[in-house]
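Visitor: dropping a prediction and its sequence here:
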Amino acid sequence: MTIPTARAIVIGGPAREGKPGAWYRRRSTHNSIILNAFLMLGAITMLTPFVWMVLTSLKSPAELAQFPPTFLPEEWVWSNYTEALNAAPFGLYFRNSLIIAVSHTIITILMGAMAGYALARIYFRGREFVFLAFVAMLMIPTYTKIVPQFLMVKFMPLFGGNDIMGQGGTGWLDTWWALIIPGGLSAASIFLFRQFYLSLPKELEEAARVDGLNEFRIFAQIYTPLIKPAIATVGLLTFQESWNNFLWPLLVTRSEDLRVIQVGLAVFQQLDNTQWQYLMAGTTLATVPMVLLFIFAQKYFIQGFTHAGIK
Amino acid sequence: MRVTPRIRSWTGLAAVAGLVVSVAACSSETASEDTDATAGGDSSAAASEISGTISLLTPIFEGTPGQELLEDELLPQFYEMYPDVTVEVDYTTYGNLNEKLTTAVASGLVPDVMMMGVGWIEGFADKGVLADLAPLGLTEDGLKEVYTDSIVEAGMWDGDVYAVPIMLDTRFGVARMDILEEAGYTEPPSSWDELVEIAEATTVRADNGSLDRAGFDMMSLDPRQAFEVMLFSAGGGLFNEDVTEPVFNNEQGVAALELMTDMVNTYEVEDIGFASPDDIVNPLINGRAAMGIAHNNLWTQALEADESALEHMEPFLIEGEVPGMFFGGTLATVSSNSSSPEAATALLEFLSSPDVALAANEQRGNVPALTELLESEYVQSNRFVQFALENLEYAQREGGPSTWLEVRGDFAPAVEAALLEQKTPQESLDDLAALVQDAINR
């Protein structure tokens, strides 16, 4: 039996003289060069703003004023970093942001995975309706939720001097509760977890039940270890969103002790005047945790994105 | 005798307190009791009777330098006068002040003392959030004795005083005299015709037509504020006297926007996108513009970026039918439901007193609202601030209706539509006026 070569199928003409392997290698190399050129272009496009930010953070105000702008700093002004750090208590802000981001990530992974599992694998009346409600929540713009959320936090019963009806005090305002609980779980994370749990084979669950595992152990020991990419994806997205959150922490806190890093960066952007060298220095430092987190979790993160079809 | 900051501070406070006493005599009995507590011979005894914990929401004094100034230098002076009052400060930014105030109002937790911008007072006063300051001793007539009329009016709504100014942000023309002199001009323009002539003469384009130097930069400023400067210089205003309808689409308004449009499309002294408010550096600093409309803090920006540019920069009023200058600023208000109105009023008076206001302005490079500060060392050392203070009589503000914060965002797209020739200036302003009228009628 003659097996048609890929070349014959692709080209549709008679096979060429010479070794087919060499032709494949040449073509493969050619494709690889084009692909890498495109990827490199994409990488440069993505990296340029980041590199520009770092370089801007190392220039003097006089150099920033030059036109055309210089690419590399004529003088590397490392003191921008120390001066930026002295402009606000960034150590405290950094700690607060870390506490909030880690708390949000843990809550989201724990609760989101459970909710996603329930919506994907446990049959109950109204399950589809609940799922649709979560999908609907994805469409509500953040800004429209701020005032209702603020009121819920302020009128939280039995906190901050409030009575059982939520009156008389400040509720959760200016406390860690306000910073951690309202942003602790998102509909998007539940949606993502559900999609991952749905993709796993039902046979695993059936085998586990035959072996006598209860629902929680099936969730915790059978299915959840198989969705590490989902956990990495949701975890990173949650951490990033929480780390970059600015408005909510600003609204619900008054004490300096509870302010976060993004609020700290805002001091460099005064009305009609931005101190770019300090803003860029502060922003560069603020991106470090996200970059490190991505480097360590990128394998799972990429798997998660490709698996969920998020591009 | 050398007037130290501390002496000036107490002198200023005494002046404000004296004003409070004189006005309070005409006010209600309760008000009289309140204001007597902050003034007169028994001031220290009365001040000690004022007590309570009050909150202050401020979009200024941010960052470590601002906080150190407020908490380490200024508030200790306040505590010396009012030892039983405690101030809890909530720092925010202007960019998020509206959200902060809106959520505070919605939840009923309105700070006792709030600082807000020009054009903000009307909306919050109309909602009943702000306290009328007249019963607390601060009246229009009294304030007009120490501030320029238009600045006092920026803190008023419906005939009542709701705010006292602390600092001003002004916008006026700035010329790079080295560039003008190269082109044969020794003075900044004194009319629109001269403005166009000099702008054309100083515009530089490359061989391929790209703009190397703008003759007159309007793009580094928010389009709304740039239009307002031109509108005021055309002799126009934003609203009619009783603030029931917009008038910026009248003859003067159209002339102002036509001039801006012509500058871009006919005289080609600046291209769309040549500069923007978010640019790292203002083109006047590095010589990419010969003239422009600029904020007074251009002086401090240039001081940091290129001090040598300062000797070439000359401020000027853009003169059409009248000299035009725009002012915004920060004003202090008291909550209408403050649990300690006396303490809140005392803090407001303290923050607006000459020396405290001067320190706040110096920290941000802004213009003190008090005319008496013209001779202060800070004002004399900053030519743009000095120029603004000397010409405050020409300054006009934005705002007017209680819905100003809702509609002000519609100005930029309308101005841009005219600059891009998507609409004629008349059409653009008419459409904008219709939007604004709808908001007023709601």
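Guide: Noted; the coordinates are in hand.

Visitor: going forward, measure contacts between C-alpha atoms and count neighbours the same way
Guide: Will do.

Visitor: what about A:Arg254, which SS state?
Guide: Classification of A:Arg254 by DSSP: H, G, I helix; E, B strand; the rest coil places it in coil.

Visitor: can you report how many residues lie near the closest residue to it other than its chain neighbours?
Guide: Ranked by Cα to Cα, 6 or more residues apart in numbering or on different chains and with sequence neighbours excluded, the top spatial neighbour of A:Arg254 is B:Asp90, at 4.9 Å. By other Cα atoms under 10 Å in any protein chain shown, the residues close to B:Asp90 number 19.

Visitor: just checking, A:Phe301 touches A:Ala232?
Guide: Yes - under the criterion of Cα atoms under 8 Å, A:Phe301 makes contact with A:Ala232 at 5.4 Å.

Visitor: tell me the contacts of the residue nearest to A:Arg254?
Guide: Contacts for B:Asp90 (Cα atoms under 8 Å, 6 or more residues apart in numbering or on different chains) come out as A:Arg254, A:Ser255, B:Ser55, B:Leu56, B:Leu57, B:Thr58.

Visitor: where does chain B have its least confident helix or strand?
Guide: helix B:29-36 (a mean of 36; mean pLDDT, DSSP states H and E).

Visitor: thinking again about what came up before, next up, phi/psi of the residue nearest to A:Arg254, please.
Guide: Here is the backbone geometry of B:Asp90 (degrees, to the nearest 10): phi -120, psi 110.

Visitor: and the chain, what are its domains?
Guide: Picking chain A for this. Domain ranges of chain A: A:28-77, A:87-308, per automatic domain parsing.

Visitor: my question was about chain B
Guide: B:5-169+B:328-397, B:171-327+B:401-441.

Visitor: between these, which one is nearest to A:Leu236?
Guide: domain B:5-169+B:328-397 (27.0 Å; Cα to Cα).

Visitor: what residues does the stretch 101-250 of chain A have near chain B?
Guide: Residues of the stretch 101-250 of chain A lying close to chain B (Cα under 8 Å from any Cα of the partner chain) are A:Val147, A:Phe150, A:Leu151, A:Lys154, A:Thr170, A:Leu247, A:Leu250.

Visitor: give me the buried subset of those residues.
Guide: Taking 16 or more other Cα atoms under 10 Å in any protein chain shown as the criterion, what is buried in those is A:Val147, A:Phe150, A:Leu151, A:Lys154, A:Thr170, A:Leu250.

Visitor: which stretch of helix or strand covers the last one?
Guide: Secondary-structure assignment from DSSP states H and E places A:Leu250 in helix A:247-252.

Visitor: please apply the same query to the first one.
Guide: With the criterion set as DSSP H and E, the secondary-structure element containing A:Val147 is helix A:142-154.

Visitor: which secondary structure state does the nearest residue to B:Ala309 once chain neighbours are set aside sit in?
Guide: Once flanking residues are discounted, B:Ala309 sits nearest to B:Ile285: 6.1 Å by Cα to Cα, 6+ apart. With three-state DSSP as the basis, B:Ile285 sits in coil.

Visitor: so what's B:Ile285 up against?
Guide: So B:Ile285 contacts A:Ala65, B:Ala302, B:Ala305, B:Asp306, B:Ala309 (Cα under 8 Å, 6+ apart).

Visitor: which one of the residues in the stretch 151-300 of chain B is closest to chain A?
Guide: With Cα to the nearest Cα as the measure, B:Val281 is the residue of the stretch 151-300 of chain B nearest to chain A, at 5.3 Å.

Visitor: now that residue: how far from B:Gly215?
Guide: Noted for B:Val281: a distance of 17 Å to B:Gly215, by Cα to Cα, to the nearest Å.

Visitor: looking at those two, which one has more neighbours?
Guide: B:Gly215 (30 against 26).

Visitor: ok, residue 124 - how many residues close by?
Guide: Because you didn't say which chain, this covers chain A. Other residues near A:Phe124 number 9, with proximity taken as other Cα under 10 Å.

Visitor: you answered for a different chain; I wanted chain B.
Guide: 22.

Visitor: I'd say it and B:Asp132 touch.
Guide: No - counting by Cα under 8 Å, B:Phe124 stays clear of B:Asp132, with 11.5 Å between them.

Visitor: so which of the domains of chain A is the most surrounded?
Guide: Mean neighbours per residue, mean count of other Cα atoms under 10 Å in any protein chain shown, is largest over those for domain A:87-308, with a mean of 18.

Visitor: and that one, how far out from the chain's middle?
Guide: The chain centroid and the centroid of domain A:87-308 are separated by 9 Å under Cα atoms, centre = their mean, to the nearest Å.

Visitor: next: stretch B:434-442.
Guide: With Cα atoms, centre = their mean, you get 25 Å for stretch B:434-442.

Visitor: coming back round to it: hmm, which two among the contacts of B:Asp90 are most spread apart?
Guide: A:Ser255 and B:Thr58 (13.1 Å).

Visitor: list residues touching both of these two?
Guide: B:Val89, B:Asp90.

Visitor: next, B:Asp112: phi, psi?
Guide: With angles defined as degrees, to the nearest 10, B:Asp112 sits at phi -70, psi -40.

Visitor: correct me if wrong: it contacts B:Thr53.
Guide: No - B:Asp112 is beyond contact range of B:Thr53, at 9.2 Å (criterion: Cα under 8 Å).

Visitor: who has more neighbours out of those two?
Guide: Neighbour totals were compared for B:Asp112 and B:Thr53, and B:Asp112 leads with 28 against 14 (other Cα under 10 Å).

Visitor: gap between the more buried one and A:Asp174?
Guide: For B:Asp112, the distance to A:Asp174 (Cα to Cα) stands at 17 Å.

Visitor: helix, strand or coil for residue 124?
Guide: I went with chain A, as the question did not name one. Looking at A:Phe124 with three-state DSSP, the answer is coil.

Visitor: my bad, the chain I had in mind was chain B
Guide: Following three-state DSSP, B:Phe124 is assigned to helix.

Visitor: model confidence for it, exactly?
Guide: On pLDDT, B:Phe124 comes in at 94.

Visitor: report the contact partners of it.
Guide: By Cα under 8 Å, 6+ apart, the neighbours of B:Phe124 are B:Leu130, B:Ser402.

Visitor: isn't B:Thr139 right up against B:Val146?
Guide: No - look at B:Thr139 against B:Val146 with Cα under 8 Å: they stay out of range, at 11.5 Å.
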